[in-house]
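> A predicted structure for the sequence below; I have some questions about it.
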Amino acid sequence: MDLTARHDQRQTDAETTARVIIHVCETCRSGAEAIDAPRDGAILAERAKAMSAQGVEIRAVACLANCKRALSASIQSADGWSYVFGDLTTDAAEDLLEGARLLSLSTDGLMPWKGRPDTLKRGMIARMPPLNPIPHSTTNKT
């Protein structure tokens with residue numbers, strides 16, 4: 001039995017798995033769209049998918065329960081903190097991808113404030129700690 005092929009496949013899958021996932025509420029209404037038009041949340045989700053970047057997965061979800069601050073999205077990290085944003089517009093796709101990029105490059109699991117698009121600074125609702133603690137490096141100063 002050749003286990004090498006399976007190991008290589010698992011390694012390939014792990015390398016292509018998204019490190020960061022953007023969830024966009026596709027049911028969000030901004031209130032500016034016509035009642036029979038596509039919801040602005042769905043438009044934002046499609047725009048984000050069209051701009052997708054390597055290592056970032058875009059998922060449209062039914063509801064993020066943040067209706068009072070719609071349009072809403074979250075950025076979830078496999079290795080760090082997760083963030084919920086509101087008060088977005090249909091033009092926020094690029095900002096969401098930039099936030100995902102910043103989070104994926106973070107060494108401490110936090111999305112840095114510096115360089116974060118203003119949309120994600122003003123619209124931050126919450127951040128949630130990672131499920132698995134992030135080990136902190138300690139230096140021995142002697």
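Right, received. Where do you want to start? Keep in mind that this is a model prediction, so the values were computed, not measured.

> List the residues that contact residue 115.
Residue 115 makes contact with 98, 102 under the criterion C-beta atoms under 8 Å, 6 or more residues apart in numbering. For the C-beta atoms, the positions are set from N, CA and C on the backbone; glycine is no exception.

> Report the secondary structure element holding it.
Using DSSP states H and E, residue 115 falls within no helix or strand.

> So in the protein, where's the weakest helix or strand by average pLDDT?
Every helix and strand in the chain was compared by mean pLDDT, DSSP states H and E; the lowest is helix 4-16, with a mean of 40.

> Give the next helix or strand downstream of that helix.
strand 20-25.

> how close does the residue nearest to residue 101 when sequence neighbours are not counted get to residue 103?
Spatial nearest neighbour of residue 101, excluding adjacent residues (C-beta to C-beta, 6 or more residues apart in numbering): residue 53 at 6.5 Å. Look at residue 53 and residue 103: by C-beta to C-beta, to the nearest Å, they are 12 Å apart.

> the helices in the protein, which residues?
Per DSSP state H, the chain carries helices over the ranges 4-16, 40-50, 93-105, 118-122.

> mind listing what's buried in the last one?
Within helix 118-122, the residues scored as buried using 16 or more other C-beta atoms under 10 Å are 119, 120.

> helices or strands up against that helix?
Helix 118-122 is packed against strand 82-85, helix 93-105, with contacts defined by 3 or more C-beta pairs under 8 Å, 6 or more residues apart in numbering; DSSP states H and E.

> contact partners of that helix?
Contact with helix 118-122 is made by 83, 85, 87, 88, 89, 92, 95, 96, 98, 99, 111, 113, as judged by C-beta under 8 Å, 6+ apart.

> With just CA atoms, put it into CSV.
Output in CSV follows, covering the C-alpha atoms of helix 118-122 (Å, rounded to 0.1, in the frame of the first residue of the first chain):
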residue,chain,number,x,y,z
ASP,A,118,-11.2,53.2,7.3
THR,A,119,-14.4,51.2,6.5
LEU,A,120,-13.1,48.4,8.8
LYS,A,121,-12.0,50.9,11.5
ARG,A,122,-15.4,52.7,11.6
